[in-house]
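Colleague: sharing a model that was predicted from the sequence below.
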Amino acid sequence: MRQLKAQVLALLRADDLPSALAALVQWPPRQVVNPLIGLLYHGEPRVRWHAVAALGQVVACLADEDTEAARVVMRRLMWSLNDESGGMGWGAPEAMAEIMANHQRLAREYACILVSYLNPNGNFLEHEGLQQGVLWGLGRLAQAHPDLVAAAVPFVRPYLSSPLDDLRGMAVWAAGGVRDPATRDALHALRNDPTSITIFDQGRLARRTIGQMAQAALV
């Protein structure tokens, strides 16, 4: 098991994410799920985000073989966000979203859970770092299944005026994915926001200004 963890880590540290993912999906999904979940807590941002991307593909492969086993993984990620788990659930919303973006059946079952994490009357996550993860996750899921995150618009909108740069930026990312008329005025107001944030998109970490993201969201 220690050797497997070292192999997975070495793959995720590489610049070539597509090659790493191609290698990981050749292994039995059940073998690599645990190391990947553990790497959601890694100190290197690249490793953490590559683990998110890898979980998306590995758990999608698992779902094709055994849907219930994939549901167990989703429930495990959900549990990590529960106060009773004793943990913080870092990376869990992002991983859930990436898995759903890669597997439509799981998306239809669990998208409402991801939305509920921003709902004050739902399973609201109070930690701002986790809210940031949910916003990124909604934007990522919207790339694949925009209809499944439409219900999130009322909960995303307040974050577009957040004084916290990362929350405001991730809200722009989420709003751009959903593309709802209700957010257009707020996005217009942010077109000249010069604040830059780091975002994971298309398999890479990139620095973008909130204004650039708002402009892209309005196209």
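Modeller: Received it, and whenever you're ready, just let me know what you need. Quick caveat, the model's predicted, so the values are computed rather than measured. Residues are numbered from 1 along each chain as shown.

Colleague: where do the helices sit along the protein?
Modeller: Counting by DSSP state H, the segments of the chain that form helices are 2-13, 17-24, 29-38, 45-65, 67-80, 92-102, 104-116, 128-144, 153-156, 165-178, 184-189, 210-218.

Colleague: want to try TSV for the ones you listed, with mean pLDDT as columns?
Modeller: TSV is the format used below for the helices of the chain (pLDDT from 0 to 100):
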stretch	mean pLDDT
helix 2-13	94
helix 17-24	96
helix 29-38	96
helix 45-65	97
helix 67-80	98
helix 92-102	98
helix 104-116	98
helix 128-144	97
helix 153-156	96
helix 165-178	96
helix 184-189	96
helix 210-218	96
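
Colleague: please name the residues that touch residue 17.
Modeller: Contacts for residue 17 (CB atoms under 8 Å, 6 or more residues apart in numbering) come out as 50, 53, 203-204. Placement of C-beta: from N, CA and C, glycine included.

Colleague: okay, it and residue 140: tell me how far apart.
Modeller: Relative to residue 140, residue 17 is positioned 15 Å away (CB to CB, to the nearest Å).

Colleague: for residue 95, same thing?
Modeller: Taking CB to CB, one finds residue 95 at 10 Å from residue 140.

Colleague: can you put the helices of the chain in CSV and add distance to residue 195?
Modeller: Below are the helices of the chain laid out as CSV (distance: least, CB to CB, whole Å):
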stretch, distance to residue 195
helix 2-13, 29
helix 17-24, 27
helix 29-38, 32
helix 45-65, 18
helix 67-80, 30
helix 92-102, 21
helix 104-116, 25
helix 128-144, 14
helix 153-156, 18
helix 165-178, 5
helix 184-189, 13
helix 210-218, 5
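
Colleague: would you mark the buried spots in stretch 20-40?
Modeller: Residues 20-21, 23-24, 29, 32-33, 35-37, 39-40 are the ones in stretch 20-40 that count as buried (16 or more other CB atoms under 10 Å).

Colleague: for residue 186, state which of the residues you listed is nearest.
Modeller: Nearest to residue 186 out of the buried residues of stretch 20-40 is residue 40 (CB to CB; 30.6 Å).

Colleague: centre of the chain to stretch 159-179, how far?
Modeller: Relative to its chain's centre, stretch 159-179 lies at 14 Å (CA atoms, centre = their mean, to the nearest Å).
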